[in-house]
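> Structure for this input, please:
(2 chains)
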Amino acid sequence: MPPSPPRKIKLATWNVNSVRARLPNVLAWLKEARPDVVLLQELKCVDDAFPRLEIEELGYNLASHGQKTYNGVAILSKSPIENAAPGLPGDDGDAQARYLEATVFGRLRVASIYLPNGNPLGSEKFTYKLAWINRLYAQIKRGLADSEMRIYGGDYNVIAKDDDVYDPRVFKDDALLQPESRARFRALLHLGLTDAFRAFNTKPHQYSYWDYQAGAWQKDHGLLIDFLLASPVAADALVNAGIDKGPRGQEKASDHTPVWCELSI
DNA sequence: ATGCCAGGTAACACCTGA
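Down below sits the predicted model:
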């Protein structure tokens, strides 16, 4: 079969903080922004409880890797979804649903990632975070070996640079800003990944998350912690990227807002 | 030093989040 002609697709990542609580917001944004592929995080429900009919009605196929109460990741696509694979190798005994990858549009391999928060410092949660990034590193390294077009998108829970937070001093003792977290995030990039948003937007202090508390949204006290990381072939296909702040200003908003990119694949 | 706000669960308090 001859290869199909190139087409432009829009891909986004969005931590929705409960897909059931956020369903009206998600449906409204899908209708307005019309992304072709969406990586969701923090579903906070099992697969059987995912509101799939409402999303399928908008023309999306769905693959989900859910969990009761916490975590949970999904991939929506206007194309068929092939070879969905939940979990990271080395997940043995780890019940936390934080990783799902699949092929969309017959030629783009995408992963929806919900990296552990890791707070507080000194706890098992921080150790788990670092170990989890190490497993992600191994997975990406294997993936990049075959020159496929790949996007690793999601909530990375790392403040990579001081310019990616309204005041780095506030996060001095936070797991998101620790040198160990940052070094591991940089190591992912050093495998050869391109930050899609930063390929088109170099201005400092652009955010994807604003806390619900203390008027953070109104004061623009945000963090940039959601990323679309592109393999070399996918980076070559990028035509644009941005952050859609609209959903964060809506009623009953998630504390994260979508980060998107367009690719000519 | 702590809570602020929000969601889920289970029970009307507590855990998690970042």
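
> Skip the chain neighbours and tell me the closest residue to residue A:63.
residue A:84 (4.0 Å; Cβ to Cβ, 6 or more residues apart in numbering). Backbone N, C-alpha and C define where each C-beta goes, glycine included.

> What about the closest residue to DNA strand B within the stretch 1-150 of chain A, how many residues nearby?
Nearest to DNA strand B, among the residues of the stretch 1-150 of chain A, is residue A:18, at 3.1 Å (Cβ to the nearest atom of the strand). In terms of burial, residue A:18 registers 14 neighbours under the definition other Cβ atoms under 10 Å.

> who in chain A is up against DNA strand B?
Taking Cβ under 7 Å from any atom of the strand as the contact definition, chain A meets DNA strand B at A:15, A:17-18, A:20-22, A:42, A:44-45, A:68-70, A:116-117, A:119, A:125, A:155, A:157, A:174, A:176, A:209, A:211-214, A:223, A:225, A:252, A:255-256.

> Would you map the helices across the stretch 101-250 of chain A?
Ranges of helices within the stretch 101-250 of chain A are A:124-144, A:179-190, A:196-200, A:232-237, based on DSSP state H, counting those that start in this stretch.

> Put together TSV for the ones you listed, with mean pLDDT and distance to residue A:79 on each row.
Formatted as TSV, the entries for the helices of the stretch 101-250 of chain A read as follows, by pLDDT from 0 to 100; distance: least, Cβ to Cβ, whole Å:
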stretch	mean pLDDT	distance to residue A:79
helix A:124-144	96	20
helix A:179-190	97	26
helix A:196-200	98	19
helix A:232-237	98	15
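
> Go ahead and confirm residue A:128 touches residue A:117.
No. In this structure residue A:128 lies outside contact range of residue A:117 using Cβ atoms under 8 Å: 9.7 Å.

> For residue A:212, which non-adjacent residue is spatially closest?
That would be residue A:255: by Cβ to Cβ, 6+ apart, it lies 5.5 Å from residue A:212.

> wait, that neighbour sits on residue A:16?
No. Under the contact definition of Cβ under 8 Å, residue A:255 does not touch residue A:16, with a separation of 9.8 Å.

> Who has more neighbours out of those two?
Set residue A:255 next to residue A:16 and count neighbours by other Cβ under 10 Å: residue A:16 wins out with 26 against 19.

> would you say residue A:62 is within a helix?
No. Using DSSP: H, G, I helix; E, B strand; the rest coil, the assignment for residue A:62 is strand, not a helix.

> Give me the neighbour count for it.
Quick note: residue A:62 (other Cβ under 10 Å) scores 19 neighbours.

> Tell me how far it lies from residue A:26.
Per Cβ to Cβ, to the nearest Å, residue A:62 is found 12 Å from residue A:26.

> Which strand residues bridge the most centrally placed residue in chain A?
To find the centre residue of chain A, average its C-alpha atoms and take the closest one (Cα atoms, centre = their mean): that gives residue A:154, at 1.1 Å. Following DSSP bridges, residue A:154 is listed with bridge partners residue A:113, residue A:227.

> Can you show me the strands along the stretch 1-150 of chain A?
A:8-15, A:37-41, A:61-65, A:73-77, A:81-86, A:99-104, A:108-114, A:149-155 (DSSP state E, counting those that start in this stretch).

> tell me the most buried of these?
Here the criterion is mean neighbour count by mean count of other Cβ atoms under 10 Å, and of the strands of the stretch 1-150 of chain A the winner is strand A:37-41, at a mean of 29.

> Please list the outside residues in contact with that strand.
For strand A:37-41, contacts defined as Cβ atoms under 8 Å, 6 or more residues apart in numbering pick out A:9-16, A:19, A:26, A:30, A:60, A:71-79, A:104-105, A:108, A:110-114, A:153-155, A:256, A:258.

> Just checking: what are the partner strands of it?
For strand A:37-41, pairing defined by DSSP bridges yields strand A:8-15 (parallel), strand A:73-77 (antiparallel).

> any chance of these in CSV, plus mean pLDDT?
What follows is the strands paired with strand A:37-41, written out as CSV (pLDDT from 0 to 100):
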stretch, mean pLDDT
strand A:8-15, 98
strand A:73-77, 98
